[in-house]
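A.B. asks: Sequence below, structure please.
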Amino acid sequence: MYESDDDTVFTDHLLDQFSAYYTITVVAVHLFMQWKAHHHQTKTREFSASKA
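C.D. replies: Residues are numbered from 1 along each chain as shown. You can find the predicted model right below:
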């Protein structure tokens, strides 16, 4: 199909914006999962130490 230059620039901008938001979201979810695992591990240690 025929694509105009104006449409291509707009599409490229949307793809760049989507890839940036996707990358930020993936990094944020990964960091949250690490924090959650660390928090759970810390709580488990505190619980074990208090029982001893």
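
A.B. asks: Over whichever strand or helix holds D7, what's the mean pLDDT, rounded is fine.
C.D. replies: Take DSSP states H and E as the rule and D7 turns out to sit in helix 5-51. For helix 5-51, mean pLDDT is 91.

A.B. asks: can you give me how far that helix is from the chain middle?
C.D. replies: Put simply, helix 5-51 sits 2 Å off its chain's centre (C-alpha atoms, centre = their mean, to the nearest Å).

A.B. asks: Tell me how many other residues crowd H40.
C.D. replies: The number of residues packed near H40 is 10, by other C-beta atoms under 10 Å. For glycine as for every other residue, the C-beta is placed from the backbone atoms N, C-alpha and C.

A.B. asks: From F18, how far off is it?
C.D. replies: Noted for H40: a distance of 33 Å to F18, by C-beta to C-beta, to the nearest Å.

A.B. asks: what's the answer for T42, then?
C.D. replies: 36 Å.

A.B. asks: do F32 as well
C.D. replies: Distance of F32 to F18, given as C-beta to C-beta: 21 Å.

A.B. asks: Ok, S50 next?
C.D. replies: In terms of C-beta to C-beta, S50 sits 48 Å off from F18.

A.B. asks: And the two? Which one has more around it.
C.D. replies: F18 (10 against 7).

A.B. asks: any idea how far the more buried one lies from Q41?
C.D. replies: Per C-beta to C-beta, F18 is found 35 Å from Q41.

A.B. asks: Likewise for H13?
C.D. replies: H13 is 42 Å from Q41, by C-beta to C-beta.

A.B. asks: Repeat that for Q17.
C.D. replies: If you go by C-beta to C-beta, the gap between Q17 and Q41 works out to 37 Å.

A.B. asks: Also K51?
C.D. replies: K51 is 16 Å from Q41, by C-beta to C-beta.

A.B. asks: how about T42, what does it touch?
C.D. replies: Not one residue lies near T42 by C-beta atoms under 8 Å, 6 or more residues apart in numbering.
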